[in-house]
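> Fold the stuff below for me.
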Amino acid sequence: MTNRPEASVNVLEINKEALRSLVEPLVEQVAREKAPSIVVQRYVNTKEAAKYLGVSFPTFKKWVAEKGISPVVIGGAVRWDKQDLDNELEREKRK
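Next comes the predicted model:
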């Protein structure tokens, strides 16, 4: 019996396609069912912002004062935009 690489590749390709045809519809169904319940919260309060960045509350407040990070005020509530926080971290990485 000789080992023919082209035969192995064909069998693997067929199995990959068969698996894909079984899995893709299931993934799409789960995504459709779960999509309404998956909400990405873009704006967070100060405590959540500190947690998001992985720092203590006092450290976050210090960073805000030092770096001039500005919150968003929504209906009188102070919120932090995660995109702004991510951008600030990117700036810090480049220093």
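> From here on, just use CA atoms for contacts and neighbour counts.
Noted.
> where in this protein is pLDDT low?
Judged against pLDDT under 70, the low-scoring parts of the chain cover residues 1-14, 35-39.
> can you pull out the helices in it?
In chain order, the chain shows helices spanning 5-34, 46-53, 57-67, 82-94, with DSSP state H as the criterion.
> Out of the ones you listed, which is closest to residue 75?
Put simply, out of the helices of the chain the one that sits nearest residue 75 is helix 46-53, at 15.3 Å, with distance taken as C-alpha to C-alpha.
> ok now the closest one, how far from the chain's centre?
For helix 46-53, the distance from its own C-alpha centre to the chain's C-alpha centre is 16 Å (C-alpha atoms, centre = their mean, to the nearest Å).
> name the helices or strands packed onto that helix?
In terms of contacts (3 or more C-alpha pairs under 8 Å, 6 or more residues apart in numbering; DSSP states H and E), helix 46-53 is packed against helix 57-67, strand 77-81, helix 82-94.
> go again using 10 Å as the cut-off
Using 3 or more C-alpha pairs under 10 Å, 6 or more residues apart in numbering; DSSP states H and E as the contact criterion, the secondary-structure elements in contact with helix 46-53 are strand 43-44, helix 57-67, strand 77-81, helix 82-94.
> okay, those in CSV with mean neighbour count and distance to residue 50 next?
What follows is those, written out as CSV (neighbours: other C-alpha atoms under 10 Å; distance: least, C-alpha to C-alpha, whole Å):
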stretch, mean neighbour count, distance to residue 50
strand 43-44, 18, 9
helix 57-67, 13, 5
strand 77-81, 17, 10
helix 82-94, 12, 10
